[in-house]
Each structure stands twice: as structure tokens, then as C-alpha cells.
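*Asks:* 3D model of this:
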Amino acid sequence: MENFLSWIYGHQEYIYIVILMVFLGIEVIGRVPSVLHTPLMSGANAIHGVVIIGAIIVMGKAESDNYLALILGFLAVILGTLNVVGGFVVTDRMLEMFRKKEKPQTPKGA
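*Replies:* Numbering: from 1, shown residues only. Below you'll find the model as predicted:
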């Protein structure tokens, strides 16, 4: 317990920054209109491509007997890829709602 408390005391500034970031994020996201929420989230998901690159780097630098790093890197690549693809799918579906639908043509004699 003493080690934990000394770690907290040593990293107090970082803990304060993380707490402030959480409150700032909640305030920013809470003020976004619902119409803009989907495109902003899909864009944020696309940024997670950085996670994929980082995971590939970790897997490339890991030693062949370090199974934990390899497994975590593999999971990060898979989950990051799903997140990026999901973000683009959501954006595509959202943009599809705003496209004008063509009316079916009816015969003139009918």
C-alpha cells in the first residue's frame, strides 16, 4: 500500500491532468448537437488508425518469445481495424440518409 501511495504522490500532476481531461471531454461532448455526433465520432474512429500503426510497431519490436506483447499487439490490430472500418461504415450510412431518392417512374398511360 505504501508503494501505491508513493506512486500516486510521484505522479500527482499526471493524475490531475487526466481528471481535468475527463471533465473537459464530458463538457465538449455534451455540447455537441446530436446531428453532428455521428460524423464526429466516425472521424474520431478513423483517427484510431494510429492505434493500428502503434500495434504493428509493438509487434515488430517484440521478441519472438514475448507472447504477451504479441497477443496484445494482435488484438490491438484487430480491434483497431474494426473500429476504423466501423467508423467509415457509420459515416457512409449517415450520408446515405441525406442523398435524394429517385422516384420510381410510372408509365404515362397508367
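*Asks:* From Val18, how far out is Leu24?
*Replies:* 11 Å (CB to CB, to the nearest Å). Quick note: C-beta positions are derived from backbone N, CA and C, even for glycine.
*Asks:* now swap in Glu102 and tell me
*Replies:* 51 Å.
*Asks:* Neighbour count for the two, which is higher?
*Replies:* Val18 (10 against 6; other CB atoms under 10 Å).
*Asks:* The more buried one in helix, strand or coil?
*Replies:* helix (DSSP: H, G, I helix; E, B strand; the rest coil).
*Asks:* mind checking which helix or strand the spatially most central residue of the chain is in?
*Replies:* Centroid check for the chain by CA atoms, centre = their mean gives Asn45 as the closest residue, at 3.6 Å. With secondary structure defined by DSSP states H and E, Asn45 is part of helix 34-47.
*Asks:* I'd like the next helix or strand past that helix.
*Replies:* Heading C-terminal from helix 34-47 (DSSP H and E), you reach helix 49-61.
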